[in-house]
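S.K.: Whatever this is, show me its structure:
(2 chains)
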Protein chains: 2
Amino acid sequence: MPSTLLTDLPAYAELRALADSLKSASIQEFFSQQPNRVEQFTLEAAGLRLDFSKHLLSAAAHSKLIELAQQAGLAARATALLQGEALNNTEQRPALHSLLRAKQAPLSALRDKLEQVHSTQQRMRDWCERLNQGQHQGFSGAVITDVVNIGIGGSDLGPRLVSDALRFYHGDIACHYVANVDPADLQSTLLELSPESTLFIICSKSFRTEETLINAQVARQWVLNAGASEADLDKHFLAITSNLEAAADFGIPDQHCLPLWDWVGGRYSVWSAVGLSCAIAIGWDNFTAFLAGAERMDEHFQQAPVAQNMPMLLSLLEIWYCNFFAAENHSVLPYDQGLQRLPSFLQQLTMESNGKQVAQDGRSLPYHTAPILWGSAGSMGQHSFHQLLHQGTRLCPVDFILPLTTHTGMTEQHRFLVANGLAQSRTLLLGRSAEEAKAALLKRGLSDSEAEELAPHLAMPGNRPNTVISFEAVTPETLGALLALYEHRTFCSGQLWGINSFDQWGVELGKDIGMDILSRLEGEQKAAPLDPATEQLMLRWREAQRLD
Amino acid sequence: MPSTLLTDLPAYAELRALADSLKSASIQEFFSQQPNRVEQFTLEAAGLRLDFSKHLLSAAAHSKLIELAQQAGLAARATALLQGEALNNTEQRPALHSLLRAKQAPLSALRDKLEQVHSTQQRMRDWCERLNQGQHQGFSGAVITDVVNIGIGGSDLGPRLVSDALRFYHGDIACHYVANVDPADLQSTLLELSPESTLFIICSKSFRTEETLINAQVARQWVLNAGASEADLDKHFLAITSNLEAAADFGIPDQHCLPLWDWVGGRYSVWSAVGLSCAIAIGWDNFTAFLAGAERMDEHFQQAPVAQNMPMLLSLLEIWYCNFFAAENHSVLPYDQGLQRLPSFLQQLTMESNGKQVAQDGRSLPYHTAPILWGSAGSMGQHSFHQLLHQGTRLCPVDFILPLTTHTGMTEQHRFLVANGLAQSRTLLLGRSAEEAKAALLKRGLSDSEAEELAPHLAMPGNRPNTVISFEAVTPETLGALLALYEHRTFCSGQLWGINSFDQWGVELGKDIGMDILSRLEGEQKAAPLDPATEQLMLRWREAQRLD
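M.R.: You can find the predicted model right below:
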């Protein structure tokens, strides 16, 4: 069945005309024309509050985007996702990450799967409690105090983010994360740890991810070198995998392996056993609260009408800027130090899901898909790249992520952070004309000609679109809801673009070419040379090894 | 004097025509047409090797870009920069960061400044040696073991990067970095430290940076709470500042203040006393080697003709893609875990320097300036956003940063990393046609119709431009050269765009608005309300405080 493309939807052409008419519109004028704009352009769900009033979006354009979503049948697509239709058509399977946080199966046909989920959760809970109660010992009898998660991509970014973000919920076990195949990553982590009291969690669905296995082998040897026997290894290793045989060959017995299923994509797997490391860090009750927050967002996503639907609205804004205003970027700025890794997590979620150029049916798409997502924890960017956000030439919509309270107890200092987050959002809206800049300079005592000359450098266009997602505090619940919000937003955008958000064929070829180059670096002679640039670089690499 | 704009240069129109003719050109065909392309499109300087053969750049376009640089007088601009002309015209001062790494003054007029630099370096050296030799004690007599740098933006990103990147050169003093005004940043850092053995370096040129001062006050109180008297404070605090009076009020005496000068911009200040924390971490000799590496790049920048000039070439490539191919992004992927913070450093360097829309003379620019720069340490992105690089719809040139050896001693594992870096560069070039993808699928045993259906999803366009910057190892010298390379590249691009790369007026207004909002959050009554969205968010914030 041919996919429906964005450009096939009747509202598309109307939106195009609307967008063209709004190219030089003023967001501030929208506020004047629409007295209840803030109330009308604010959504609430699952403890999150989404203010999208500061967008280049008239009431008419907003209504038309809602129509677009209706024409695309987004509500039905949400149901199809949550009920396990095989939406991942190139791999012929569903994307059922929402089932990982469900208390009840949405369909009786999913009961078996949900039972597997719940029995795995029971095992995760046992491990959490065992470790947090100091009941698990290493080969020497020492109690395990540190957990190292070895995984990459989806087996790393999610649990690392959750562990970081919920630092104030941590118990006594310290969790560490190693992802990079650069040996410096694992080496610097192990430097701080003792083999006797360290447990490794090897996260790899296939147990064939090269980067992860290479690091796992080093970790294994590190434990052996400290005096453990091969038989002791199981005390120091768990695996999250569906390849029990390979894990057993490594020395990890079945009862130390927690399963993953093919209906959970790597970048959607933090809710599964892949989340074990962060579940250990924050304790099982908090991990279930994290799941519950996501489940609330699932319910909202399924039940709320389009106009009130937070993931759908965020997705429509993405489409609005990407496909009608040619935006190539999207910035996410969490005003919370614990959420500093959110942009990295979202890079994988959005760019791996929707960084594609063919429709589900294989046709080339005639329009742009995922933008580049980037960002960092506020307030740091204010002393760095915000210059470009305010005065650069690029259209880059911003999501401000703004917890309203702090766990540190330092409320006065946190107030300064909140004031700055609000100020950046407001400044992007307001800007400052050259006349206003000149007046400010005259006030500072500059002469008229000095002020006249300098003013254009201080002028800022303003009218720069941004969203504020605020919530009372970073808790397991709000964090779960926030991540599920972006998951569903990503799915909706994929649906509107007509693409399969759940495969990632674009990363395969690089792996194959990597193995070919590796064998050549290892000295294997092959008949056909590679491209001259790669050959030259391999030569330089060989020279550098001799010099070593 | 009116600035020369990019579009004023005679080569601009010719490049526009060339670029149009190359819109569907094949980089692989360039390799066939130009037998020595790799040799011709490789530059070497200061221990770095720059391969730009995998670019959408014909030999003719390359020559024309060189002409553009000549017409813009880039060589003369380099001299003007290095010799201290007042290029920062809106602040009427030079940008003399290169003097911070000079052994000799390029002009006799700069001798006084250089003497100040060298005498400051002598003081930095004394502090490095004193601390590394365990001769500096805190209030209780305990030896200082930990240094915490408190600074933000340029007072943080540079020294943090250098300290991270040169981990294998560290001595016994551990260096920590706190930047975010979110109290969680400082609080989590202090948790691991003891006040008796911790020295703080407060980095703020004006000693008025709110974020830094707020954190510094907390640090000060932390030391006092541990039993230090006000008179003891000087044992625990150094300042890098030009505001001695404010530092003295804080409790830091003159002899504990190292100077900064108004001719050093924050984002160019790692070479100054701002680098003290990383100098302490790596030791003085290594810090001077870092300076020497940068100085070698300065010499190259000044002396090499345009066609051999590495910073100029990198800048021409930036202009080529931004202004002739409408690229909005640039990705930097260091295949080295220690360089994971390089993209953050470069975000400030490039986006704060060149994220502007007026010329030096204040005219609005009729073209785009700085792109969004983003990236992460390879290999992690391969399991994340590389999907978009390979199959997304965006033009995003990539710089691969590739050290050829490792300090870990784990050469076999490092080889895998290098192979992957090379493979990603090669894969971006090659891509894979739908026919090739189908053949690969048939080999895997798929039926003809299955393979036919799946092939478009595996197809990759290739022809995606990328640069490889390789060097033997991450050493103080190569790191210094690398950072200076990007500094001068940024300067050249600014010159070609006709902008002042050394001011940052765009960050001012947000600060003022931040103070206004803070006073409102603190309860101050003001006559005029803010925009309704900000008012609503302030209301929610107040509600959340009561709920706390």
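
S.K.: quick one: low-confidence parts of chain A?
M.R.: A:1, A:547-548 (pLDDT under 70).

S.K.: Strands of that one, start to end?
M.R.: A:42-45, A:48-51, A:146-150, A:174-178, A:198-203, A:237-240, A:257-258, A:329-334, A:372-374, A:398-403, A:466-471 (DSSP state E).

S.K.: With chain B as the reference, measure out to the residue lying closest to residue A:535 once chain neighbours are set aside.
M.R.: Excluding the flanking residues, the one nearest residue A:535 by CB to CB, 6 or more residues apart in numbering or on different chains is residue A:529, at 5.4 Å. Where C-beta positions appear, they are placed from N, C-alpha and C, glycine not excepted. Here the criterion is CB to the nearest CB, to the nearest Å. By it, residue A:529 lies 12 Å from chain B.

S.K.: can you count the residues close to residue A:529?
M.R.: 10 (other CB atoms under 10 Å in any protein chain shown).

S.K.: Chain B contacts on the stretch 1-150 of chain A?
M.R.: Neighbours of chain B within the stretch 1-150 of chain A, by CB under 8 Å from any CB of the partner chain: A:28, A:31, A:37-38, A:42, A:49, A:51, A:53-54, A:90.

S.K.: For these, which entry has the maximal number of neighbours?
M.R.: Busiest of the residues of the stretch 1-150 of chain A next to chain B [other CB under 10 Å] is residue A:54, holding 30 neighbours.

S.K.: List the residues that contact that one.
M.R.: Contact analysis of residue A:54 by CB atoms under 8 Å, 6 or more residues apart in numbering or on different chains lists A:27, A:425, A:428-429, A:465-468, B:533.

S.K.: Same check on residue A:494?
M.R.: For residue A:494, the residues meeting the contact criterion (CB under 8 Å, 6+ apart) are A:353-354, A:500-501.

S.K.: coming back round to it: and residue B:411, which of the strands of chain A is closest to it?
M.R.: strand A:174-178 (18.8 Å; CB to CB).

S.K.: ok, the most centrally placed residue in chain A to residue A:304 distance?
M.R.: With distances taken as CA atoms, centre = their mean, the residue of chain A nearest its centroid is residue A:346 (2.3 Å). According to CB to CB, to the nearest Å, residue A:346 and residue A:304 sit 22 Å apart.

S.K.: swap in residue A:119?
M.R.: 32 Å.

S.K.: again with residue A:360
M.R.: 25 Å.

S.K.: Wait, residue A:397 touches residue A:425, no?
M.R.: No - between residue A:397 and residue A:425 there is no contact under CB atoms under 8 Å: 11.6 Å.

S.K.: intersection of neighbour lists for the two?
M.R.: Taking CB under 8 Å, 6+ apart as the contact rule, residue A:397 and residue A:425 both touch residue A:466.

S.K.: check contacts around the residue nearest to the centre of chain A.
M.R.: By CB under 8 Å, 6+ apart, residue A:346 lies in contact with A:332, A:373, A:375, A:486.

S.K.: redo that, cut-off 7 Å
M.R.: Residue A:346 makes contact with A:332, A:373, A:486, according to CB atoms under 7 Å, 6 or more residues apart in numbering or on different chains.

S.K.: hey, what's the first one bridged with?
M.R.: With DSSP bridges applied, the residues forming beta bridges to residue A:332 are residue A:399.

S.K.: Spit out the contact partners of it.
M.R.: So residue A:332 contacts A:342-343, A:346, A:373, A:375, A:399, A:401 (CB under 7 Å, 6+ apart).

S.K.: same question, the second one
M.R.: Contact analysis of residue A:373 by CB under 7 Å, 6+ apart lists A:330, A:332, A:343, A:346-347, A:350-351.

S.K.: 8 Å - rerun?
M.R.: A:329-332, A:343, A:346-347, A:350-351.

S.K.: so how far is chain B from residue A:279?
M.R.: From residue A:279 to chain B the distance is 21 Å (CB to the nearest CB).

S.K.: Who's the closest spatial neighbour of that residue, skipping the chain neighbours?
M.R.: Per CB to CB, 6+ apart, closest to residue A:279 is residue A:287, 3.9 Å.

S.K.: I'd like the distance between the one you found and residue A:47.
M.R.: For residue A:287 relative to residue A:47 (CB to CB), the value is 17 Å.

S.K.: the more surrounded of these two?
M.R.: More crowded of residue A:287 and residue A:47, by other CB under 10 Å: residue A:287, with 26 against 18.

S.K.: Count residues in the vicinity of the residue nearest to residue A:298 when sequence neighbours are not counted, would you?
M.R.: Nearest residue to residue A:298, sequence neighbours excluded (CB to CB, 6+ apart): residue A:98, at 4.8 Å. By the criterion of other CB under 10 Å, residue A:98 has 27 neighbours.

S.K.: now do residue A:546
M.R.: For residue A:546, the count of nearby residues is 6 (other CB under 10 Å).

S.K.: Please report how far it lies from chain B.
M.R.: To chain B, residue A:546 is 10 Å away according to CB to the nearest CB.

S.K.: surely residue A:232 meets residue A:139?
M.R.: Yes - Residue A:232 is within contact range of residue A:139, at 3.7 Å (criterion: CB under 8 Å).

S.K.: okay, and the common contacts of those two?
M.R.: Listed as contacting both residue A:232 and residue A:139 by CB under 8 Å, 6+ apart are residue A:223.

S.K.: And for the residue of the stretch 51-200 of chain A found nearest chain B, the neighbour number?
M.R.: Per CB to the nearest CB, residue A:153 is where the stretch 51-200 of chain A lies closest to chain B, at 2.8 Å. Residues lying near residue A:153 (other CB under 10 Å) number 28.

S.K.: Likewise for residue A:447?
M.R.: Per other CB under 10 Å, the neighbour tally for residue A:447 reads 10.

S.K.: Got phi/psi on it?
M.R.: Per-residue torsions, residue A:447: phi -70, psi 170 (degrees, to the nearest 10).

S.K.: what's the spacing between the closest residue to the residue of the stretch 51-200 of chain A closest to chain B other than its chain neighbours and residue B:212?
M.R.: Spatial nearest neighbour of residue A:153, excluding adjacent residues (CB to CB, 6+ apart): residue B:383 at 2.8 Å. Going from residue B:383 to residue B:212 by CB to CB gives 36 Å.

S.K.: Also residue A:251?
M.R.: From residue A:251 to residue B:212 the distance is 50 Å (CB to CB).

S.K.: Between those two, which is the more surrounded one?
M.R.: Legend: neighbour count by other CB under 10 Å for residue A:251 and residue B:212, higher for residue B:212 (26 against 19).

S.K.: separation between the more buried one and chain A?
M.R.: Counting by CB to the nearest CB, the gap from residue B:212 to chain A is 9 Å.

S.K.: my guess is that residue contacts residue B:205, does it?
M.R.: No - the pair residue B:212 / residue B:205 is not scored as a contact, 10.1 Å apart, by CB under 8 Å.
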